[in-house]
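Student: Provided below for reference: sequence and predicted model.
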Amino acid sequence: MNAPTKQYQILFVDDDPDFLAMIRDFFATLGENIWQIHCATSADKAIEFLKGRKMDLVVTDVNMPMLDGIQFLHILNRTHPDLKKAVITANATEEKRSACLAEGAELFIEKPRTPEGLKSIFVMLEELITWTPQEGFQGVLRRVGLQDVIQMECLGRNSSILEIHNLQLRGRVYIEDGRIIHAQAGDMVGEAAFYNLLALASGEFQLQPFELPPKRTIEGQWEFLLMEAARVRDEMIAAATPTGKTAELAPAVESSTAPVMGVHVEETLICSGQGEPLYLWQCPDRDARVALLQNVAQQAARFNQLVPLGNFDRLEIQLAGSRAVAQLKADRMVFVRVSSTREKSIIRIA
Amino acid sequence: MSSSPQEKPAPGATIPGLLACGLRRPDATCQSYSFDEMYPREHLEDMLHQLAGTMTWLAGQGLAPHRLTWTFEQGQIVLIPRMDGALLALATQPNTEAAESVDQLVEEFFSLTPGN
């Protein structure tokens, strides 16, 4: 006799009753009685419903009156930390995606407009329900870049190995307690390997359980490494040969004799496009730095009104003995100040 | 001297990729050169004044710059203050000879007698 099939309890939260009705009809059919679908038309009703009930998955909208989806996720993270969470929204912006993922959503999807879209979502949610958390995980996140994954791992102070490969290159990035400690790619190790991996235009990656690397070759702060990787990537693209092939960085070499210039991160601030701080490190005056980033954004916009400069990327401020960078992205603003030291670095880029 | 004719060739005028350059003197008068029709001189002077304001503002934040580099998709603006209070601004196209020669142009600027 076959073992009884497990039924999954799924709660959908959306202030649009028509959408909930459609989901209930469509997914109940696709789920063939394996999905037990529950619906709530607001986050507070969902919180009430969840009291004393065990759900396998909660799928929420973002834009809802009173308590929105991001606040709801924040509460769920505290009250039901092990509950799987997904977001389906008609207003899928990068900013909301980042906020939802930061609040613990495993999946962020745009609301479907066609039956095919609904089927795709059903498949993704089914993958998420049946996914068993383990040390290291396989992703069902869509349109997530390497930088995002590394940033999430570092911000979460996680330990993991990011395996990256495409047809040209295969490598690993070791992250321990939120610090990038080693990278290898082909014959390269250290920062050169890291920068080459992050410069790949396409490929696949997987997060694997952490294990100790053969050696530690990277010491810098992850924020600086990611910014430097972005800069190196820009340079590699600029240095691309006429055939379109990207130049490869020289492998890292160990500096065993002469001291080389090292960098020391003095302060870091990462905030949302609206200036809400997301990450702070040794920032002496948060509000002043946010004001600086906003001032830079306004100034860059003014320059663009005067002469055609295109999208603004960053402002580098060369100071006495240190350097600060204010970088503006669509969904976030970053301020990093680093000082140069003459201390011996373990690794330098040849 | 916002709109007086250019009587002598601008430094770096022949360097490919140099879009414009300008000098803001300590008395807030400006001298600017445009090498691209999209960079009209009156706009350059506006920018010079705004850049000077940014320098002052940053200094007030404890970030007195030796050099500012604004990087955009289609251009880079480098701003360098001199001890006498003069400011040099260079606008270059990315990945051009001019972009590579910024340090040399800056050296020329510093070698000029203060007040010039």
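Tutor: Looks like it arrived, so ask away. Numbering: from 1, shown residues only, chains lettered A, B, ... in the order given.

Student: CA only for contacts and neighbour counts going forward, please
Tutor: OK.

Student: the helix or strand hosting residue A:18 packs against which elements?
Tutor: Taking DSSP states H and E as the criterion, residue A:18 maps to helix A:17-31. Under the contact definition 3 or more CA pairs under 8 Å, 6 or more residues apart in numbering or on different chains; DSSP states H and E, helix A:17-31 sits against strand A:35-40.

Student: show me how far the strand it packs on is from its chain's centre.
Tutor: Centroid displacement of strand A:35-40 relative to its chain, using CA atoms, centre = their mean, to the nearest Å, is 29 Å.

Student: what's the answer for stretch A:46-62, then?
Tutor: On the basis of CA atoms, centre = their mean, stretch A:46-62 sits 25 Å off its chain's mean C-alpha point.

Student: and stretch A:306-326, by the same measure?
Tutor: For stretch A:306-326, the distance between its averaged C-alpha position and the chain's averaged C-alpha position is 24 Å (CA atoms, centre = their mean).

Student: anything in that stretch near chain B?
Tutor: Yes - judged by CA under 8 Å from any CA of the partner chain, stretch A:306-326 comes into contact with chain B through A:306-320.

Student: how many other residues sit next to residue A:277?
Tutor: By the other CA atoms under 10 Å in any protein chain shown criterion, the neighbourhood of residue A:277 contains 18 residues.

Student: that one and residue A:285 touch, don't they?
Tutor: No - contact between residue A:277 and residue A:285 fails when scored by CA atoms under 8 Å: they sit 11.8 Å apart.

Student: can you pull the phi and psi angles for the residue nearest the centre of chain A?
Tutor: If you average the C-alpha coordinates of chain A and look for the closest C-alpha using CA atoms, centre = their mean, you land on residue A:148, 2.7 Å from that point. Backbone torsions for residue A:148, taken as degrees, to the nearest 10, come to phi -60, psi -50.

Student: gap between it and residue B:19?
Tutor: Counting by CA to CA, to the nearest Å, the gap between residue A:148 and residue B:19 amounts to 36 Å.

Student: what's the closest non-adjacent residue to residue A:277?
Tutor: Of all residues not flanking residue A:277 in the chain, residue A:271 sits nearest, at 4.0 Å (CA to CA, 6 or more residues apart in numbering or on different chains).

Student: the one you found in helix, strand or coil?
Tutor: strand (DSSP: H, G, I helix; E, B strand; the rest coil).

Student: dump the residue contacts of it.
Tutor: A:277-279, A:290, A:332-334 (CA atoms under 8 Å, 6 or more residues apart in numbering or on different chains).

Student: could you rerun that using 10 Å?
Tutor: Under the criterion of CA atoms under 10 Å, 6 or more residues apart in numbering or on different chains, the neighbours of residue A:271 are A:277-280, A:289-290, A:293, A:328, A:331-335.

Student: can you give me the helices for chain B?
Tutor: Listed in chain order, the helices found in chain B under DSSP state H are B:41-60, B:97-100, B:102-111.

Student: now the stretch 1-150 of chain A
Tutor: Counting by DSSP state H, counting those that start in this stretch, residue ranges of the helices within the stretch 1-150 of chain A are A:17-31, A:43-50, A:69-79, A:94-102, A:115-130, A:146-155.

Student: pLDDT weak spots in chain B?
Tutor: By pLDDT under 70, the weakly predicted segments of chain B are B:1-14, B:109, B:111-116.

Student: just to revisit the earlier point, make a markdown table out of the helices of the stretch 1-150 of chain A and add mean pLDDT.
Tutor: Conversion of those to a markdown table gives the following (pLDDT from 0 to 100):
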| stretch | mean pLDDT |
| --- | --- |
| helix A:17-31 | 86 |
| helix A:43-50 | 90 |
| helix A:69-79 | 87 |
| helix A:94-102 | 79 |
| helix A:115-130 | 81 |
| helix A:146-155 | 80 |
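
Student: distance to residue A:339 added to these, as TSV?
Tutor: Putting the helices of the stretch 1-150 of chain A into TSV (distance: least, CA to CA, whole Å) gives the following:
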stretch	distance to residue A:339
helix A:17-31	54
helix A:43-50	47
helix A:69-79	36
helix A:94-102	30
helix A:115-130	44
helix A:146-155	22
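
Student: the ones you listed: which one's closest to residue A:175?
Tutor: Comparison of the helices of the stretch 1-150 of chain A against residue A:175 by CA to CA identifies helix A:146-155 as nearest, at 7.4 Å.
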